[in-house]
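Engineer: Predicted coordinates and the sequence they were generated for:
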Amino acid sequence: MAAPFRLSVITQARTLLTDEVTSVTAPGSEGYLGIWANHAPLVTMLVPGRLTIKDLQGNEKVYSISGGFLEVSRNVVTLLADSVEAPTDIDKERAKAAAKRARERLAKRGPGIVDIDMTRAEAALQRALNRLKHAR
């Protein structure tokens with residue numbers, strides 16, 4: 001059996017989880033990363049993707065994460081997420097509408113359009129597509 005470590009998954013709205021787990025796989029800014037007990041200290045940015053957590057019994061829980069930060073220090077992993085949703089909690093229609101709005105904003109790209117608006121629209125599209133990819 002893999003050695004356990006402490007994991008906290010926190011959003012602005014709530015603390016999703018504070019428990020002992022055996023592994024975490026998260027979408028880092030440079031690619032997916034796996035965390036196990038006694039991992040080297042680390043702070044990294046997270047991007048939209050799939051968060052997988054394995055509990056002490058070996059059961060995997062999968063979530064859709066929209067981004068945030070992950071810190072590893074002394075066998076404690078703290079994941080500060082913009083949002084985290086179980087696949088069954090994702091509102092597909094809301095995610096489809098968000099993707100449509102983002103695509104419409106991106107289609108208006110051109111002279112006089114502020115770059116930050118395009119950056120926000122691209123980020124919104126990525127979040128919506130990630131939610132749709134993981135929805136059940």
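Structural biologist: Looks like it came in fine. Numbering: from 1, shown residues only.
Engineer: CA atoms for contacts and neighbours, from now on please.
Structural biologist: OK.
Engineer: residues of the helix or strand hosting Leu132 that come out buried?
Structural biologist: Leu132 is part of helix 115-134, with elements assigned from DSSP states H and E. Residues of helix 115-134 classed as buried under the neighbour-count rule (16 or more other C-alpha atoms under 10 Å) are 118, 121-132, 134.
Engineer: Could you do stretch 75-90 as well?
Structural biologist: With burial defined by 16+ other C-alpha under 10 Å, the residues of stretch 75-90 counted as buried are 75-87, 90.
Engineer: who touches it?
Structural biologist: Under the criterion C-alpha atoms under 8 Å, 6 or more residues apart in numbering, residues 5-12, 16, 37-39, 62-72, 131-132, 134-136 lie in contact with stretch 75-90.
Engineer: Select only the buried ones of the residues you listed in PyMOL?
Structural biologist: PyMOL command restricting the contacts of stretch 75-90 to the buried ones, with burial defined by 16+ other C-alpha under 10 Å:
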select buried, resi 5+6+7+8+9+10+37+62+63+64+65+66+67+68+69+70+72+131+132+134+135
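Engineer: Tell me the helices and strands packed up against the worst-scoring helix or strand of the chain on mean pLDDT.
Structural biologist: Lowest on mean pLDDT, DSSP states H and E among the helices and strands of the chain sits helix 115-134, with a mean of 75. Applying 3 or more C-alpha pairs under 8 Å, 6 or more residues apart in numbering; DSSP states H and E, one finds that helix 115-134 contacts strand 60-65, helix 92-107.
Engineer: cutoff 6 Å now
Structural biologist: Packed against helix 115-134 by the contact rule (3 or more C-alpha pairs under 6 Å, 6 or more residues apart in numbering; DSSP states H and E) you find helix 92-107.
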